[in-house]
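S.K.: Could you look at this predicted model? Sequence included:
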Amino acid sequence: QLQASGGGSVQPGGTLRLSCTASGFSLGDYAVAWFRRAPGKVREPVSCIDDSDGYSQYFYADSVKGRFTLSRDSAKNTAFLEMNSLKPEDTAVYYCAGRNKRTGEYDYWGQGTLVTVSS
């Protein structure tokens, strides 16, 4: 399973780091993605790291480029989403997911962690 954590309330311009810890499987065997769902909106992709081709490829939504950084620590079996210069429009529930490199299916989902950006 995946356990997402690190959400909270911050002021605009603040920083949060979300964590996504895997148990029962090796997170390194999966591409890792972060999604978010803002109030009243559909879920949208935020970031993804995929090394299916042997080298790490990163994806960032245009809305977070330059502000969010995805990384992972194999020793901790954990992925991180560092979020800087947070804006009120970043307010959402953030979910991490593990995508099967072979099938492309998301086999694992975290439970979501709430990020609130407000003054």
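M.R.: That came through, no problem. Predicted, not measured: the structure shown is a model, and the values here were computed from it.
S.K.: quick one, what contacts residue 30?
M.R.: Listed by Cβ atoms under 8 Å, 6 or more residues apart in numbering, the contact set of residue 30 reads 22, 98, 99, 100, 101, 107, 108. For every residue, glycine as well, the C-beta is placed using N, CA and C.
S.K.: Nearest to residue 60 among these?
M.R.: Distance to residue 60, by Cβ to Cβ, is smallest for residue 99 among the contacts of residue 30, at 15.9 Å.
S.K.: if we can go back for a sec, just checking, which of the contacts of residue 30 belong to strands?
M.R.: Secondary-structure check on these using DSSP state E: residues within strands are 22, 98, 99, 100, 107, 108.
S.K.: So which bits of the least confident helix or strand in the chain by mean pLDDT are buried?
M.R.: Sorting the helices and strands of the chain by mean pLDDT, DSSP states H and E puts strand 57-60 at the bottom, at a mean of 91. Counting neighbours by 16 or more other Cβ atoms under 10 Å, one finds that the buried residues in strand 57-60 are residue 60.
S.K.: Perfect, that will be all.
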